[in-house]
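K.L.:
Sequence and computational prediction follow.
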Amino acid sequence: MSVISKFPAAHRHREAPVGVSAARKVGFRSAVASVPFQDDIIRHSQSALSCSRKAAKYPSVQMTLVDERVARGRNMTMPSRILAYDLVQGALVRLSSIADKSIPDTPTAVLVHGILGCRKNWGTFARRLAQAFPTWQFLLVDLRCHGDSASTSKKGPHTVAAAAVDVLKLVAQLRITPRVLVGHSFGGKVVLSMVEQAAKPLARPVRVWVLDATPGKVRPGGDGEDHPQELISFLSRMPKEVSSKRDVLNALIKEGFSKDVAQWVVTNLQQTSPSGSSSRSFSWVFDLKGIAEMYQSYEETNLWNIVEDVPRGVHMNFLKAERSLHRWALEDLQRIHAAEDLAADEGGGVQMHVLEDAGHWVHADNPDGLFRILSSSFQGIKT
């Protein structure tokens with residue numbers, strides 16, 4: 001198994017206008033990686049578990065992890081100023097498969113995080129999938145305004161649709177064709193929007209997984225669940241720089257957010273003070289103003305049309321967390337079940353699933369159950 005990590009350049013740049021046509025015009029260009037590799041030697045490096053950005057000493061960074069050994073292989077240098085990403089590859093995926101198009105397409109799944117998250121949220125789960133399905137590769141992205149992608153300048157408006165086009169442009173640049181799209185919460189609407197905006201470039205069949213999100217109205221969580229809008233508002237009132245992660249953690253808990261949510265949020269703090277400095281300071285890695293705009297779009301975006309008129313060859317799966325009681329209304333469940341019957345008649349597919357013993361954070365609450373449910377997508381598509 002290998003993990004190819006790409007962080008966009010830390011400097012700001014102009015971004016082309018958002019549109020589907022832009023996604024199709026993205027070219028491929030290679031350059032020498034800024035991290036010092038010896039000739040054709042891919043060195044082992046350890047990825048961070050949090051969402052914090054790496055130090056911006058180099059304009060771009062690419063790392064590959066191969067079975068925790070020094071490995072000989074192609075030094076694939078594919079700088080991307082679109083989004084930061086990790087490419088987790090199974091042991092039977094050839095490292096040169098992206099750059100060398102004489103090799104058959106590697107089946108690829110795209111995993112998209114939720115609001116205020118980052119690609120590292122999917123890291124452990126993606127590595128497990130790569131071990132179980134070694135012919136597959138898994139693309140993990142930091143959406144605009146999040147994680148390492150926050151260092152790139154993105155033209156507004158910051159919407160679900162714009163976030164979807166970013167991912168489409170990235171897969172076009174990497175010359176990969178996704179067979180599976182998985183999105184959690186906000187990311188669920190992103191993958192639905194990908195299908196809506198670019199149905200033709202997607203492979204057939206393509207399986208779409210929307211995890212604990214509905215295509216339309218967004219309903220806040222109940223007691224003990226996350227409240228993203230309130231969280232974004234509270235974080236926006238905090239200083240842009242803080243001296244202690246512990247102070248932020250305590251402030252969040254005092255405000256009424258759960259300890260789990262507070263601990264997750266502070267992983268988005270990066271140290272800004274020089275190493276060895278007597279006083280420490282931290283700042284957020286994300287763009288809160290942009291994220292607030294994205295969440296508003298998430299609440300307003302209605303994608304029932306793509307669910308109730310599924311393109312041929314697309315199979316949509318909705319997963320409801322058993323304990324996520326307040327996000328799902330009876331109307332949502334009835335419309336999805338009605339779409340199941342309609343899609344079967346039109347050559348597409350819609351299916352509803354329930355993940356037992358899980359709240360909204362499905363890949364943390366019940367990873368074993370989620371793995372069993374998602375596994376059907378990787379077993380059912382020929383590689």
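P.N.:
Sure, I can see it.
K.L.:
quick one: the helices in the protein?
P.N.:
Using DSSP state H, the helices of the chain run over 20-25, 123-132, 160-174, 186-197, 228-236, 245-255, 259-266, 288-300, 304-308, 330-346, 362-365, 367-379.
K.L.:
so of these, which one's packed in deepest?
P.N.:
Between the helices of the chain, helix 186-197 has the highest mean count of neighbours, a mean of 26, where neighbours are mean count of other CB atoms under 10 Å. The way it works is simple: take the backbone N, C-alpha and C, and place the C-beta from them, glycine included.
K.L.:
could I get the helices of the chain as JSON lines with distance to Ser275 and mean pLDDT?
P.N.:
Listed next are these as JSON lines, based on distance: least, CB to CB, whole Å; pLDDT from 0 to 100:
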{"stretch": "helix 20-25", "distance to Ser275": "40", "mean pLDDT": "40"}
{"stretch": "helix 123-132", "distance to Ser275": "25", "mean pLDDT": "96"}
{"stretch": "helix 160-174", "distance to Ser275": "32", "mean pLDDT": "95"}
{"stretch": "helix 186-197", "distance to Ser275": "34", "mean pLDDT": "96"}
{"stretch": "helix 228-236", "distance to Ser275": "26", "mean pLDDT": "92"}
{"stretch": "helix 245-255", "distance to Ser275": "16", "mean pLDDT": "94"}
{"stretch": "helix 259-266", "distance to Ser275": "20", "mean pLDDT": "88"}
{"stretch": "helix 288-300", "distance to Ser275": "26", "mean pLDDT": "96"}
{"stretch": "helix 304-308", "distance to Ser275": "49", "mean pLDDT": "93"}
{"stretch": "helix 330-346", "distance to Ser275": "50", "mean pLDDT": "82"}
{"stretch": "helix 362-365", "distance to Ser275": "31", "mean pLDDT": "91"}
{"stretch": "helix 367-379", "distance to Ser275": "35", "mean pLDDT": "95"}
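K.L.:
I'd say Thr108 and Thr135 touch.
P.N.:
No: taking CB atoms under 8 Å as the contact criterion, Thr108 and Thr135 are not neighbours in contact, 10.7 Å apart.
K.L.:
Settle it for me: which of the two has more neighbours?
P.N.:
Set side by side, Thr108 and Thr135 show more neighbours around Thr108, with 23 against 14, by other CB atoms under 10 Å.
K.L.:
if I pick the more buried one, what's in contact with it?
P.N.:
In this structure, Thr108 makes contact with 136-139, 171, 176-180, judged by CB atoms under 8 Å, 6 or more residues apart in numbering.
K.L.:
now Gly188
P.N.:
Taking CB under 8 Å, 6+ apart, we find Gly188 in contact with 112, 209-213.
K.L.:
And Gly276, by the same measure?
P.N.:
The neighbours of Gly276, taking CB under 8 Å, 6+ apart as the test, come to nothing; the list is empty.
K.L.:
Would you mind giving the helices of the chain as a markdown table with distance to Arg94 added?
P.N.:
Compiled in a markdown table, those are given as follows (distance: least, CB to CB, whole Å):
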| stretch | distance to Arg94 |
| --- | --- |
| helix 20-25 | 26 |
| helix 123-132 | 14 |
| helix 160-174 | 15 |
| helix 186-197 | 26 |
| helix 228-236 | 40 |
| helix 245-255 | 41 |
| helix 259-266 | 36 |
| helix 288-300 | 36 |
| helix 304-308 | 34 |
| helix 330-346 | 36 |
| helix 362-365 | 28 |
| helix 367-379 | 18 |
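K.L.:
who wins for proximity to Met1 among the ones you listed?
P.N.:
With CB to CB as the criterion, Met1 lies closest to helix 123-132 of these, at 4.7 Å.
K.L.:
any idea of the angle that closest one forms with helix 367-379?
P.N.:
Comparing the axes of helix 123-132 and helix 367-379 via axes from the mean of the first three to the mean of the last three CA atoms, to 10 degrees yields an angle of 50 degrees.
K.L.:
what does helix 123-132 rub up against?
P.N.:
Contacts of helix 123-132 with the rest of the structure, by CB under 8 Å, 6+ apart, involve 1, 3, 47, 49, 86, 88-91, 109, 111, 136-138, 140, 363, 367, 370-371, 374-375, 378.
K.L.:
Can you show me the strands along the stretch 51-200 of the chain?
P.N.:
Listed from the start of the chain, the stretch 51-200 of the chain has strands (DSSP state E, counting those that start in this stretch) covering 61-66, 71-72, 85-89, 108-112, 137-141, 178-184.
K.L.:
Let me know the pLDDT of the residue of the chain positioned farthest from its centre.
P.N.:
Here the chain has its C-alpha centre computed as a mean, and the residue farthest from that point, by CA atoms, centre = their mean, is Ser278 with 36.3 Å. Note for Ser278: predicted pLDDT of 77.
K.L.:
now swap in the one 4 residues further on and tell me
P.N.:
At Phe282, the predicted lDDT confidence score is 94.
K.L.:
where are the low-confidence patches of the stretch 1-150 of the chain?
P.N.:
Flagging of the stretch 1-150 of the chain using pLDDT under 70 yields the residue ranges 2, 5-80, 95-104.
K.L.:
if you set the cut-off to 80 instead, what comes out?
P.N.:
In the predicted model of the stretch 1-150 of the chain, residues 1-80, 94-104 satisfy pLDDT under 80.
K.L.:
before we move on, back to that, how about the contacts of Thr108, which pair is most distant?
P.N.:
Farthest apart among the contacts of Thr108 by CB to CB are Trp136 and Val171. That separation is 14.7 Å.
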